[in-house]
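Visitor: Attaching a predicted model along with its sequence, questions to come.
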Amino acid sequence: MRLRIDTETYSETPIKRETYRYVEDCELMIVSWAIDDGPVSVWDLTSPDPTGLDIALSTALMEADVVIAHNAVFDRGVIAKHFPKVTPPLERWQCSMAQALSHSLPGGLDKLCEILGVPVDKAKHKAGKELVRLFCMPRPSNAKIRRATRDTHPQEWERFLAYAGSDIDAMREVEKRMPSWNYKGAELALWHLDQKINDRGFAVDLDLANAAIRAIDKEQTRLAGSAWAHTDGALNAATQRDAMLEYILTEFGIALPDLRGSTIERRLKDPDLPDGLKALLSIRLQASTTSTSKYLALVRGVNVDGRMRGTLQFNGAGRTGRWAGRTFQPQNLPRPSIGAEEVEDGITAIKAGVADLVTDNVMALTSNTIRGCIVAPPGRKLVVADLSNIEGRMLAWLAGETWKLKAFDAFDHGEGVDLYIATYARTFRVSPEEVTKSLRQIGKVMELAFGYEGGVGAWVTFALVYGIDLEALAALVISTIPKNVRDEAEWFYEWTLRHGRSTFGLSPEAFVACDAVKRMWREGHPATVGLWRDLEQACIDAVINPGVTFECRKLKTRRDGAWLRIGLPSGRALCYPQPKVEDGTLSYMGVNQYTRQWSRINTYGGKLVENVTQAAARDVLAANMPDIDRRGYEIVLTVHDEIITETPDTDDFTVSQLSDLMSTVPAWAKGLPLAAAGFEGYRYRKD
């Protein structure tokens with residue numbers, strides 16, 4: 001028996017603060033439900049005599065084999081709060097939103113109905129959403145009635161009851177039209193573990209979070225005063241983007257395209273920049289930090305027991321199936337710019353209210369200390385480990401890049417240099433001993449930029465992130481580039497100019513050097529380059545030949561109906577809805593990462609390889625998570641390829657053991673070299 005359920009609630013707490021925090025305060029008004037394909041029942045708990053828990057619903061909750069909700073974490077929490085005695089155990093719950101995300105579909109029920117062709121009366125649906133806003137949220141502060149109810153709006157309430165059951169019908173029809181390939185067996189069990197992790201949450205140092213907010217507010221006031229002083233009163237705050245751009249153009253004759261951090265950092269390196277503009281841009285750079293929003297999210301979203309919950313979205317990262325962050329956004333924490341000891345000293349200073357006495361950049365300090373808000377409660381500790389360069393290892397394994405796999409294995413056994421040194425040495429045909437620390441950094445950027453068919457543009461992007469001066473790089477490497485490679489790069493530069501393509505602001509010498517380095521990296525990675533081409537062709541072949549499976553090394557491609565699937569070694573599949581091949585170009589329907597709209601997206605070999613590599617890396621992490629949790633390393637968070645666990649504060653739990661568990665090679669990944677490392681302590685940090 002399959003029970004589908006949906007709830008309508010009211011709360012003064014905004015839902016955007018965090019689901020678990022909202023549920024803590026909410027009042028249940030309506031429950032809509034249906035068994036299998038039976039009629040939808042709507043139970044109004046606000047009626048004068050709701051007669052306790054509806055007997056039929058109570059029986060269904062206790063006896064249903066599966067209980068399904070859309071965004072089940074919400075309805076599961078609401079039911080558990082109001083009817084704890086009959087709440088089904090977690091293992092019996094399923095989520096149609098998680099099922100959609102597992103197949104590269106949007107999570108919203110409205111959008112799913114549109115994409116999957118589920119008939120919806122749009123006028124009634126729009127009216128229903130307006131009724132939700134009327135009854136489920138506080139009225140505006142200037143409204144005569146603070147809260148709309150069945151008594152204040154009886155006619156609207158009757159329409160609301162009629163609307164309440166419509167989501168059950170929509171959910172039921174959407175489920176029939178969605179595939180279940182990636183939401184059963186081990187993946188369904190993984191979703192249950194994900195829900196357990198979200199239910200558990202992590203402890204928050206609220207003293208630090210609140211002190212950081214105070215320090216940021218104080219510093220923003222000071223920076224606003226500095227902006228006012230530096231502009232003779234033209235600007236009231238450094239956060240006035242349009243006004244600042246206009247001021248810079250008027251006063252200095254410089255037209256900046258934007259005031260993004262990367263733009264400002266690039267400009268500040270210009271030795272000819274006027275001192276006044278340099279000071280103003282420095283003020284803007286400090287004032288535009290986003291740390292405040294993360295601290296506020298923690299303070300507003302933490303539950304009464306001091307723990308933050310619901311910060312992970314299962315399969316939230318598009319096609320790859322990686323976890324995405326929610327509310328606090330743990331997947332998007334700023335990269336530390338100071339050492340661990342300085343961070344600890346900074347936390348002490350922030351809590352004491354003297355952050356401005358220990359640093360001249362309070363905003364940067366608070367950005368560095370945000371991780372420290374995640375702590376272990378008394379009697380517990382955090383044990384944290386991170387898979388070492390899992391994407392690089394996975395790409396080499398999928399491609400069959402033998403030399404690279406050997407290099408990883410040798411390094412893991414203490415017998416060779418790390419990958420970035422090996423990559424630089426192989427690309428420029430020098431011995432590893434000749435690779436200095438700065439040259440190793442170039443090797444790292446090459447790995448990040450070129451592994452997925454990236455070119456000069458990708459090289460420029462990553463070089464900026466890691467502070468590599470490409471003009472200086474050109475002078476350093478140009479003499480080491482073979483003549484035939486340089487000739488090809490110079491030809492490509494001329495081609496780029498003829499076709500009006502971007503040169504990314506590089507000098508001709510720097511552009512040629514960057515393109516030449518790309519070509520040399522590709523020469524050193526023939527198996528990887530081959531995988532780009534082979535996987536793209538296998539996908540095209542599959543789209544053109546529905547129902548036929550094509551093998552591509554460790555991967556398989558196949559089109560079934562409206563879906564292109566790339567089978568991963570783990571048994572999971574990447575899904576590409578409504579694939580099409582036109583003029584040799586492969587495309588599919590998906591959420592555009594820039595517009596956030598459902599639209600047609602062109603793809604190519606390198607992007608497909610990026611998808612499968614990140615997905616397979618996620619599968620390695622996921623494969624060992626159940627055993628890690630069972631052994632008492634209670635997972636409280638995952639951040640990319642890192643697992644944060646909470647354990648008893650005893651010697652029985654060590655980072656060495658957690659690292660061994662994380663680097664256990666799954667049965668389907670024979671020959672994949674894995675390694676992990678981390679730390680243990682009482683406060684989360686970037687090790």
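Guide: Here it is on my side, so go on.

Visitor: tell me which residues in the helix or strand containing residue 262 are buried?
Guide: Using DSSP states H and E, residue 262 sits in helix 261-268. For helix 261-268, the neighbour count (16 or more other Cβ atoms under 10 Å) marks 264, 267 as buried. Any C-beta I mention is one placed from the backbone N, CA and C, and that applies to glycine too.

Visitor: which residues are in contact with the following helix or strand past that helix?
Guide: Downstream of helix 261-268, the first helix or strand assigned by DSSP H and E is helix 275-287. Residues outside helix 275-287 that contact it (Cβ atoms under 8 Å, 6 or more residues apart in numbering) are 219-220, 223-224, 226-227, 230-231, 237-239, 244, 248, 251-252, 254, 259, 261, 264-265, 267-268, 273, 361-364.

Visitor: Dump helix 275-287 to PDB, keeping only the CA atoms.
Guide: What follows is helix 275-287, C-alpha atoms only, in PDB (Å, rounded to 0.1, in the frame of the first residue of the first chain):
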ATOM      1  CA  ASP A 275      46.000  56.000  -5.100                       C
ATOM      2  CA  GLY A 276      42.600  57.500  -4.400                       C
ATOM      3  CA  LEU A 277      40.900  54.900  -6.600                       C
ATOM      4  CA  LYS A 278      43.000  52.100  -5.100                       C
ATOM      5  CA  ALA A 279      41.800  53.100  -1.600                       C
ATOM      6  CA  LEU A 280      38.200  53.300  -2.700                       C
ATOM      7  CA  LEU A 281      38.300  49.900  -4.400                       C
ATOM      8  CA  SER A 282      40.000  48.300  -1.300                       C
ATOM      9  CA  ILE A 283      37.100  49.700   0.800                       C
ATOM     10  CA  ARG A 284      34.600  48.200  -1.600                       C
ATOM     11  CA  LEU A 285      36.300  44.800  -1.600                       C
ATOM     12  CA  GLN A 286      36.100  44.600   2.100                       C
ATOM     13  CA  ALA A 287      32.500  45.900   2.300                       C
END
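
Visitor: what are the ranges of the strands in the stretch 201-350 of the chain?
Guide: Taking DSSP state E, counting those that start in this stretch as the test, the strands found in the stretch 201-350 of the chain are 202-204, 307-308, 312-317, 322-325.

Visitor: what does the stretch 1-150 of the chain give?
Guide: Counting by DSSP E, counting those that start in this stretch, the segments of the stretch 1-150 of the chain that form strands are 2-10, 27-35, 41-44, 66-69, 93-95.

Visitor: Among the contacts of helix 275-287, name the buried ones.
Guide: Of these, these count as buried by 16+ other Cβ under 10 Å: 219-220, 223-224, 226-227, 230-231, 237-239, 244, 248, 259, 264, 267, 361-364.

Visitor: Please narrow these to those residing in helices.
Guide: In this view, the buried ones among the contacts of helix 275-287 that belong to helices under DSSP state H are 219-220, 223-224, 226-227, 230, 244, 248, 264, 267, 362-364.

Visitor: out of these, who's nearest residue 499?
Guide: When these are compared for distance to residue 499 (Cβ to Cβ), residue 267 comes out closest, at 28.5 Å.

Visitor: any idea how far residue 259 is from that closest one?
Guide: Note on residue 267: its distance to residue 259, by Cβ to Cβ, to the nearest Å, is 10 Å.

Visitor: one step back: compare the mean pLDDT across the strands of the stretch 1-150 of the chain and name the weakest.
Guide: Among these, strand 41-44 has the lowest mean pLDDT, at a mean of 92.

Visitor: Which strands or helices does that strand pack on?
Guide: Judged by 3 or more Cβ pairs under 8 Å, 6 or more residues apart in numbering; DSSP states H and E, the packing partners of strand 41-44 are strand 27-35, helix 55-63, helix 154-164.

Visitor: What mean pLDDT does the longest one get?
Guide: It refers to helix 154-164. Helix 154-164 comes out at a mean pLDDT of 92.

Visitor: then the helix or strand following it to PDB, C-alphas only?
Guide: Next helix or strand after helix 154-164 toward the C-terminus (DSSP H and E): helix 166-177. Taking Å, rounded to 0.1, in the frame of the first residue of the first chain, the C-alpha atoms of helix 166-177 are listed here in PDB:
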ATOM      1  CA  SER A 166      -4.700  18.900  -5.900                       C
ATOM      2  CA  ASP A 167      -1.100  18.400  -5.100                       C
ATOM      3  CA  ILE A 168      -1.800  14.700  -4.300                       C
ATOM      4  CA  ASP A 169      -3.300  14.200  -7.800                       C
ATOM      5  CA  ALA A 170      -0.300  16.100  -9.400                       C
ATOM      6  CA  MET A 171       2.200  14.100  -7.400                       C
ATOM      7  CA  ARG A 172       0.600  10.800  -8.300                       C
ATOM      8  CA  GLU A 173       0.600  11.600 -12.000                       C
ATOM      9  CA  VAL A 174       4.200  13.000 -11.900                       C
ATOM     10  CA  GLU A 175       5.400   9.800 -10.300                       C
ATOM     11  CA  LYS A 176       3.900   7.700 -13.100                       C
ATOM     12  CA  ARG A 177       5.800   9.700 -15.700                       C
END
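
Visitor: tell me which residues of helix 166-177 are tucked away?
Guide: Result for helix 166-177 [16+ other Cβ under 10 Å]: buried residues 166-175.

Visitor: List the contacts of residue 302.
Guide: 21, 204, 206, 308.

Visitor: can you pick the most crowded of those?
Guide: Highest neighbour count within the contacts of residue 302, by other Cβ atoms under 10 Å: residue 308, with 27 neighbours.

Visitor: Going along the chain, name the strands of the stretch 451-600 of the chain.
Guide: Under the criterion DSSP E, counting those that start in this stretch, strands of the stretch 451-600 of the chain are mapped to 550-552, 555-560, 563-567, 573-577, 580-582, 585-591, 598-603.

Visitor: Now mean neighbour count, mean pLDDT and distance to residue 186 too, for those, in CSV please.
Guide: Shown next, in CSV, are the strands of the stretch 451-600 of the chain (neighbours: other Cβ atoms under 10 Å; pLDDT from 0 to 100; distance: least, Cβ to Cβ, whole Å):
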stretch, mean neighbour count, mean pLDDT, distance to residue 186
strand 550-552, 18, 97, 22
strand 555-560, 21, 97, 18
strand 563-567, 22, 97, 15
strand 573-577, 23, 97, 13
strand 580-582, 13, 97, 31
strand 585-591, 18, 95, 25
strand 598-603, 14, 95, 27
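
Visitor: Quick one: closest of the ones you listed to residue 109.
Guide: That would be strand 598-603 among the strands of the stretch 451-600 of the chain, by Cβ to Cβ, at 13.9 Å.

Visitor: Can you list the strands that that closest one pairs with?
Guide: Strand 598-603 has the following strand partners under DSSP bridges: strand 585-591 (antiparallel).

Visitor: re earlier: counting contacts, what elements does the helix holding residue 262 pack onto?
Guide: With contacts taken as 3+ Cβ pairs under 8 Å, 6+ apart, helix 261-268 sits against helix 275-287, helix 456-465.

Visitor: what's the average pLDDT for the shortest one?
Guide: If I follow you right, that is helix 456-465. 89.

Visitor: Turn the helices and strands packed on helix 261-268 into a markdown table, columns for distance to residue 333 and mean neighbour count.
Guide: Putting the helices and strands packed on helix 261-268 into a markdown table (distance: least, Cβ to Cβ, whole Å; neighbours: other Cβ atoms under 10 Å) gives the following:
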| stretch | distance to residue 333 | mean neighbour count |
| --- | --- | --- |
| helix 275-287 | 19 | 18 |
| helix 456-465 | 15 | 19 |
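
Visitor: Relative to residue 16, which of these is closest?
Guide: Closest among those, using Cβ to Cβ: helix 275-287, at 24.3 Å.

Visitor: Make sure residue 622 is indeed in a helix.
Guide: Yes: applying DSSP: H, G, I helix; E, B strand; the rest coil, one finds residue 622 inside a helix.
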